[in-house]
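[1] got a structure for you, letters missing:
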């Protein structure tokens, strides 16, 4: 006998239950035939939501404001099914993991038990405002908004709801966040760069890795995926074609049980590029190549073939981001540089800043950075410190002298 899991039903919802084999079933009464016999229709689906939608379509049931009958399911039930059925097939496992995390950490605790047709724009706007006031980064709030917006658009297409309550909501940086962004210098300070290169740059493994990011503009994931065939010592170029990523593995409840580092595609299509190598980077990588050749002779492990990883382990395997970060931060601490917060991405910011300091064309910097548009380069990768203000003041000083030496018009 089938096990009924829901005894309470919405208006005109008929009978919905789950069979022992896990399949959901609905029986709908459509009317009576000429002999007075009841006419029934049986509907099947993989989830309760599927059956409820089929049923509401069949009987033409609508709620106020045009909402389709899906009353007994809350947001968490519908959203989780949408994520697993649609988004998992549409995005990478890592992106899917991020969506699940945002749903579980931010959305479900607030809206999870609510019916989707009960959620208003006012409630969602308050939710975004509270996230911002509680110190969440603007980027985090916007990612949550993006996920909610996609979900409610899906619900609207399925006629579960009449309007998308996220459409009118906005996410703005608070005054404090704007001030922090304006005052934050993202590159390595000029007076620290020389010390950083002298200490970390001399490390046999971290030196070439750091210089590849600082003078080649590579993201850490791109650097760890780099192969010797991507480096042209003769023409002094470095080609970026791939990046490492962490692929999560899920259990039956979609909790992450394992993460595996693999080589995959670059962040965007624009990230595929060929950049010039300055002398300091070319020399550092050439020295690394010779050291790897020596290791090859000692261990018998192939480390310098065209397909060998430049920054692989001693066994030639790909390094994980987390393991590499631990080695890097230990080296920073030993060098007394931990107070400057010199994370990997700061090295890439330094690359762009050095080019801006040299008055390079922003469009050229955009191409070298692998950005899709120049706005990202100008807005995010052009930090300003006192040096810029001093340079501006010097220009004004020269201009003022120029004015005072000119003979005034008669």
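    On my side now, so go ahead. Quick caveat: nothing in here was measured; it's all calculated off a predicted structure.
[2] quick one: residue 259 from residue 234, how far?
    38 Å (CB to CB, to the nearest Å). Every residue, glycine included, has its C-beta placed from N, CA and C.
[3] so where is the chain shaky, pLDDT-wise?
    For the chain, applying pLDDT under 70 flags the ranges 1-15, 29-39, 56-72, 174-185, 383-410.
[4] which residue lies nearest the spatial centre of it?
    Most central in the chain under CA atoms, centre = their mean is residue 95, positioned 6.9 Å from the mean C-alpha point.
[5] in what helix or strand does that one lie?
    Assigned by DSSP states H and E, residue 95 belongs to helix 93-102.
[6] which residues does the next helix or strand after that helix contact?
    Downstream of helix 93-102, the first helix or strand assigned by DSSP H and E is helix 108-111. Outside helix 108-111, the residues that touch it by CB atoms under 8 Å, 6 or more residues apart in numbering are 75-76, 79, 119, 123, 127.
[7] quick check: buried residues in helix 108-111?
    108, 110-111 (16 or more other CB atoms under 10 Å).
[8] and that helix, how far from the chain's centre?
    Taking CA atoms, centre = their mean, to the nearest Å, the mean C-alpha location of helix 108-111 is offset from the chain mean by 22 Å.
[9] swap in stretch 124-136?
    For stretch 124-136, the distance to the chain centre is 20 Å (CA atoms, centre = their mean).
[10] now do that stretch: everything it contacts.
    Contacts of stretch 124-136 (CB under 8 Å, 6+ apart): 106, 110-111, 138, 140-141, 144-145, 148, 165-166, 168-174, 177.
[11] mind running it again at 6 Å?
    By CB atoms under 6 Å, 6 or more residues apart in numbering, the residues outside stretch 124-136 that reach it are 110, 141, 165-166, 169, 171, 174.
[12] give me the buried positions along it.
    By 16+ other CB under 10 Å, the buried positions in stretch 124-136 come out as 124-125, 127-129, 131-132, 136.
[13] looking at the residues you listed, spot the one nearest residue 43.
    residue 124 (32.5 Å; CB to CB).
[14] now the closest one, what's its secondary structure?
    Secondary structure state of residue 124, per DSSP: H, G, I helix; E, B strand; the rest coil, is helix.
[15] ok, so what distance separates it from residue 151?
    Residue 124 is 11 Å from residue 151, by CB to CB.
[16] check residue 189 too.
    For residue 189 relative to residue 151 (CB to CB), the value is 43 Å.
[17] which of the two has more neighbours?
    Taking other CB atoms under 10 Å, residue 189 and residue 151 do not tie; residue 151 has more neighbours (23 against 16).
[18] the more buried one is in contact with residue 79, isn't it?
    Yes. With contact defined as CB atoms under 6 Å, residue 151 reaches residue 79; the gap is 5.4 Å.
[19] quick one on the thing from earlier: now secondary structure and distance to residue 217 too, for the buried residues of stretch 124-136, in a markdown table please.
    Below are the buried residues of stretch 124-136 laid out as a markdown table (DSSP: H, G, I helix; E, B strand; the rest coil; distance: CB to CB, whole Å):
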| residue | secondary structure | distance to residue 217 |
| --- | --- | --- |
| 124 | helix | 38 |
| 125 | helix | 39 |
| 127 | helix | 38 |
| 128 | helix | 34 |
| 129 | helix | 37 |
| 131 | helix | 32 |
| 132 | helix | 32 |
| 136 | coil | 29 |
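[20] take those residues and write them to JSON lines, including distance to residue 374.
    Below are the buried residues of stretch 124-136 laid out as JSON lines (distance: CB to CB, whole Å):
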{"residue": "124", "distance to residue 374": "33"}
{"residue": "125", "distance to residue 374": "32"}
{"residue": "127", "distance to residue 374": "34"}
{"residue": "128", "distance to residue 374": "29"}
{"residue": "129", "distance to residue 374": "32"}
{"residue": "131", "distance to residue 374": "30"}
{"residue": "132", "distance to residue 374": "28"}
{"residue": "136", "distance to residue 374": "28"}
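[21] where's the closest residue to residue 195 other than its chain neighbours relative to residue 218, distance?
    Nearest non-adjacent residue to residue 195, counting by CB to CB, 6 or more residues apart in numbering: residue 337, 7.1 Å away. In this view, residue 337 and residue 218 are 21 Å apart by CB to CB.
[22] who has more neighbours, the two?
    Neighbour count, other CB under 10 Å: between residue 337 and residue 218, residue 218 has more, with 27 against 18.
[23] dump the residue contacts of that one.
    Applying CB under 6 Å, 6+ apart, the residues near residue 218 are residue 212.
[24] next, it: secondary structure please.
    Per three-state DSSP, residue 218 ends up coil.
[25] ok, now how distant is it from residue 284?
    13 Å.
[26] mind listing the strands for this structure?
    Along the chain, counting by DSSP state E, strands occupy 15-18, 24-32, 38-45, 231-232, 237-240, 243-250, 256-264, 273-276.
[27] need the contacts of helix 108-111 in JSON lines (columns: distance to residue 305).
    JSON lines is the format used below for these (distance: CB to CB, whole Å):
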{"residue": "75", "distance to residue 305": "53"}
{"residue": "76", "distance to residue 305": "50"}
{"residue": "79", "distance to residue 305": "47"}
{"residue": "119", "distance to residue 305": "57"}
{"residue": "123", "distance to residue 305": "58"}
{"residue": "127", "distance to residue 305": "53"}
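[28] out of the residues you listed, which are buried?
    Buried by 16+ other CB under 10 Å: 75-76, 79, 119, 127, out of the contacts of helix 108-111.
[29] and those residues, which is closest to residue 201?
    residue 127 (46.7 Å).
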